[in-house]
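Asker: give me a 3D structure for the following:
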Amino acid sequence: MDFFTHFLVPFIILFALKSKNKLEGAFGGIAPDFDTIFVAWIGFLVPFLFVFSHRGITHSFVFAAVASTLFLYIISRKQINSFIGKIIRRDISVEFTLKTVGIAYFGALTHLFLDFLTSRGIPLFYPFTLERFSAEIYYYIDITTAVIALIVLVVLYLTSDEKYKTLKHKRVWGPENLRFSREVAMAIFMIILISFGGIRAYEKSNALAENPVSENFTYSAAYPTMDMFTWTIVESNAKNSTYYSFSYNTINKEKSNEKTVQSLTVNGGSVQSAQKAINKADNLPEVQNFRWDAYYQCINASYDGNVWKLTYFDVIDTGYHNNNINVFIR
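Answerer: Here you go, the predicted model:
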């Protein structure tokens with residue numbers, strides 16, 4: 001989910017609960033995504049530590065608590081808080097107490113829930129397991145939701161009762177109108193967010209119901225795209241050795257991009273020799289990273305008499321991660 005939505009959701013919930021610590025919750029809501037600045041470089045420099053990446057280590061129940069606590073501590077420092085406040089011309093003073101740490105963690109939990117709804121999900125139970133968990137309802141980022149969230153943030157900014165507002169602005173709007181504008185904007189955003197999620201869940205169910213498994217396929221799953229009415233369907237056989245995938249639009253009931261692929265194809269050598277090469281490649285960080293990101297790992301193995309060329313690719317190409325890597329094994 002997008003940065004603006006992660007800020008707004010805990011803020012709105014705490015606003016509805018009449019909490020005085022809405023900003024603490026909102027900052028906790030965006031804390032896990034600062035992994036792009038403070039964590040992702042570790043995975044880039046040390047490939048074996050691929051969990052140190054965006055939507056990696058900070059997106060688990062354990063480390064989201066660490067991330068939200070650290071972020072709240074940093075932003076609650078007077079020098080930092082004052083510096084940011086002067087830039088954005090708003091008072092963003094927050095407290096660092098046991099209570100507000102808990103509220104910030106609540107914000108981080110809303111972040112995990114929202115990202116759980118999206119493509120590929122997050123490693124919720126890391127460090128106990130690297131497995132990702134996802135409801136596969138939303139695409140990674142829903143552009144419409146992000147734009148609406150940004151508009152609501154602008155409304156909140158312009159209608160905030162901070163000391164930086166001009167007297168003329170106060171005379172035009174008045175406290176009651178300002179409060180009403182904020183409440184309406186936040187209510188509309190939450191209605192749209194929940195409605196979009198409901199529509200997507202319904203359309204996903206329709207996509208699966210309208211494309212039952214057939215022939216030798218025994219399993220079927222649907223994955224979101226940027227269009228809430230278009231889903232990527234993947235069917236597989238019992239041994240997961242063959243995959244049939246296609247795009248399906250629930251409005252016009254049409255299939256497109258149909259393809260059938262094998263999980264392993266071998267050229268120029270024996271299957272046994274190819275499997276030995278694959279076993280060696282499994283220890284390589286780039287392969288481990290690929291497997292962690294991929295939905296359905298497939299391999300084209302080609303032998304030239306001296307070197308195995310292993311081409312790894314995913315049945316689903318979301319455009320979010322590297323969908324094709326080559327590894328050479330002697």
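
Asker: other SSEs contacting whichever helix or strand Glu203 is part of?
Answerer: Applying DSSP states H and E as the criterion places Glu203 in helix 167-209. Applying 3 or more Cβ pairs under 8 Å, 6 or more residues apart in numbering; DSSP states H and E, one finds that helix 167-209 contacts helix 3-16, helix 143-158, strand 217-224, strand 230-237. (Glycine included, C-beta is placed from N, CA and C.)

Asker: now those as TSV including distance to Leu130 and mean neighbour count?
Answerer: Converted to TSV, the helices and strands packed on helix 167-209 look like this (distance: least, Cβ to Cβ, whole Å; neighbours: other Cβ atoms under 10 Å):
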stretch	distance to Leu130	mean neighbour count
helix 3-16	23	22
helix 143-158	28	16
strand 217-224	20	18
strand 230-237	22	20
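
Asker: number of nearby residues for the nearest residue to Ala201 once chain neighbours are set aside?
Answerer: Excluding the flanking residues, the one nearest Ala201 by Cβ to Cβ, 6 or more residues apart in numbering is Ile137, at 5.5 Å. A total of 22 residues lie near Ile137 under the criterion other Cβ atoms under 10 Å.

Asker: what's the pLDDT at Ile137?
Answerer: As summarised for this prediction, Ile137 has a pLDDT of 96.

Asker: leaving out chain neighbours, which residue sits closest to the residue nearest to the spatial centre of the chain?
Answerer: Taking Cα atoms, centre = their mean, the centroid of the chain lies closest to Asp115, which sits 4.2 Å from it. The shortest distance from Asp115 to any non-neighbouring residue, by Cβ to Cβ, 6+ apart, is to Ile122 (4.9 Å).

Asker: need phi/psi at that neighbour.
Answerer: Ile122 adopts backbone torsions of phi -140, psi 160, taken as degrees, to the nearest 10.

Asker: what is the neighbour count of it?
Answerer: Residues near Ile122, counting by other Cβ under 10 Å, number 24.

Asker: that one and Phe229, how far apart?
Answerer: Note on Ile122: its distance to Phe229, by Cβ to Cβ, to the nearest Å, is 25 Å.

Asker: again, but for Pro32
Answerer: Counting by Cβ to Cβ, the gap from Pro32 to Phe229 is 30 Å.

Asker: neighbour-wise, which of those two wins?
Answerer: Between Pro32 and Phe229, Pro32 has the larger neighbour count (other Cβ under 10 Å), namely 30 against 15.

Asker: tell me the contacts of the more buried one?
Answerer: 6, 58-59, 64, 67-68, 108, 111-112, 115 (Cβ atoms under 8 Å, 6 or more residues apart in numbering).

Asker: apply 10 Å and report the result again.
Answerer: Residues in contact with Pro32 (Cβ atoms under 10 Å, 6 or more residues apart in numbering) are 6, 39, 54-60, 63-64, 66-68, 71, 107-109, 111-112, 115, 122.

Asker: counting only helices, which of these make the cut?
Answerer: 6, 63-64, 66-68, 71, 107-109, 111-112, 115 (DSSP state H).

Asker: on that earlier part again, which of the contacts of Pro32 count as buried?
Answerer: Neighbour-count burial (16 or more other Cβ atoms under 10 Å) is assigned, among these, to 6, 39, 55-60, 63-64, 66-68, 71, 107-109, 111-112, 115, 122.

Asker: what pLDDT is listed against the residue nearest to Phe34 when sequence neighbours are not counted?
Answerer: Spatial nearest neighbour of Phe34, chain neighbours left out: Phe71 (6.4 Å); criterion: Cβ to Cβ, 6+ apart. pLDDT for Phe71: 96.

Asker: I am finished for the moment; much appreciated.
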